[in-house]
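> Would you be able to build a 3D model of this:
(one chain, ligands or ions: 1)
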Amino acid sequence: MPLPLPSLFDLSGKTALVTGAGRGLGWEIARALGLQGATVFINGRHPDTLEEKIRLDAPPGSPITAAAFDICDESAANDWMANAGTGLDILVNNMGLRHRRSLEDCPPDEFATVLDANLVAPYRLARLAAAQMTDGSNIINITSIAGPRARSGDSAYTAAKGGLESLTRALAMELATKGIRVNAIAPGFFATEANREMVADPDIQKFVDTRIPLKRWGQPREIAGAAVFLASDAASYVNGHVLTVDAGLSVSF
Ligand SMILES: NC(=O)c1ccc[n+]([C@@H]2O[C@H](COP(=O)([O-])OP(=O)(O)OC[C@H]3O[C@@H](n4cnc5c(N)ncnc54)[C@H](OP(=O)(O)O)[C@@H]3O)[C@@H](O)[C@H]2O)c1
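Predicted coordinates:
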């Protein structure tokens with residue numbers, strides 16, 4: 001018997017961890033998963049920031065809890081997963097370290113730091129989560145439209161996000177045997193706090209006006225529907241997919 005449409009997106013009884021969720025896209029994803037009934041842990045490095053965000057912005061009665069640890073700290077990630085992560089149904093690897101440096105200005109150790117935050121840490125969390133996840137669970141990696149395509153002066157971030165996209169497909173194959181789906185969301189231009197300076201830059205606004213088909217930045221909340229879809233039974237046959245949310249930028253010419 002097919003489920004009625006609202007039930008397809010119902011996440012009641014599910015537990016989710018969203019990394020880097022004290023603000024920006026991560027917060028909106030966490031909030032939306034919570035509104036669909038999931039118990040949600042929001043991750044960031046600073047417990048006070050997370051608690052304050054929950055106090056100010058969580059919908060009343062929303063089951064959102066702080067999970068403060070640095071995703072690049074292996075022992076902290078191991079500890080959190082061992083103690084609080086049991087029973088995780090949804091992992092959203094959202095945290096990403098933005099980095100715009102040319103080849104000349106980015107020494108190899110800095111390149112490695114960017115890869116560690118954007119690729120190794122999500123791999124580590126996926127590995128820890130998958131060891132506990134059961135049939136019907138899923139992982140969502142937040143990649144970027146910078147990954148399959150590139151611009152000058154951005155090699156570390158582009159390489160890391162391209163790697164995360166490939167990792168999404170590789171883990172989708174490997175974890176399918178356990179009934180765990182792995183997908184990605186590739187955001188385009190979103191007006192998050194991290195992009196505040198870019199949003200105010202008239203030259204970038206010209207790019208937005210001429211190159212983005214909807215001629216505007218995405219609002220952080222506009223990422224949430226894609227995450228709810230991929231996390232829910234509505235996407236029960238979607239695996240290894242990269243869902244681009246960019247107002248059509250990457251398919252225009
Ligand atoms: N915004 C866009 O237009 C856009 C476009 C394409 C892709 N993306 C991707 O979307 C994701 C979210 O972007 P965003 O702009 O919403 O990010 P953001 O505003 O920069 O948010 C980053 C969050 O991560 C936390 N954080 C930073 N380092 C951490 C660490 N080591 N461990 C745990 N948490 C950490 C920060 O909190 P604390 O500092 O308190 O720890 C903050 O809450 C990223 O993967 C980004 O690459 C964004």
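
> which bits of the stretch 1-150 of the chain sit near the ligand?
Taking C-beta under 6 Å from any ligand atom, the part of the stretch 1-150 of the chain that reaches the ligand is made up of 19-20, 22-26, 43-46, 49, 70-72, 94-96, 98, 117, 142, 144. (Glycine included, C-beta is placed from N, CA and C.)

> one more time with 8 Å, if that's ok
Counting by C-beta under 8 Å from any ligand atom, the residues of the stretch 1-150 of the chain lying close to the ligand are 19-27, 43-46, 49-50, 69-73, 93-98, 117-118, 121, 142-146.

> Please, a PyMOL command that selects the buried ones among the residues you listed?
What follows is the PyMOL syntax selecting those of these that are buried according to 16 or more other C-beta atoms under 10 Å:
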select buried, resi 19+20+21+22+23+24+25+26+27+43+44+45+50+69+70+71+72+93+94+95+96+97+117+118+121+142+143+144+145+146
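
> I'd like the next helix or strand past the lowest-mean-pLDDT helix or strand in the chain.
Lowest on mean pLDDT, DSSP states H and E among the helices and strands of the chain sits helix 5-8, with a mean of 82. Going down the chain from helix 5-8, the next helix or strand is strand 15-18, by DSSP states H and E.

> next SSE after that following strand?
Where DSSP H and E defines the elements, the next helix or strand beyond strand 15-18 is helix 24-35.

> For that following helix, output the C-alpha coordinates as PDB.
Extracted C-alpha coordinates of helix 24-35, given in PDB (Å, rounded to 0.1, in the frame of the first residue of the first chain):
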ATOM      1  CA  GLY A  24      24.000  28.600   7.900                       C
ATOM      2  CA  LEU A  25      22.900  25.700   5.800                       C
ATOM      3  CA  GLY A  26      23.600  23.100   8.500                       C
ATOM      4  CA  TRP A  27      21.200  24.900  10.900                       C
ATOM      5  CA  GLU A  28      18.400  25.000   8.300                       C
ATOM      6  CA  ILE A  29      18.900  21.300   7.500                       C
ATOM      7  CA  ALA A  30      18.800  20.400  11.200                       C
ATOM      8  CA  ARG A  31      15.700  22.600  11.800                       C
ATOM      9  CA  ALA A  32      13.900  21.000   8.900                       C
ATOM     10  CA  LEU A  33      14.700  17.400   9.900                       C
ATOM     11  CA  GLY A  34      13.500  18.300  13.400                       C
ATOM     12  CA  LEU A  35      10.200  19.800  12.000                       C
END
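
> If anything else comes up later, I'll come back, but that's it for now.
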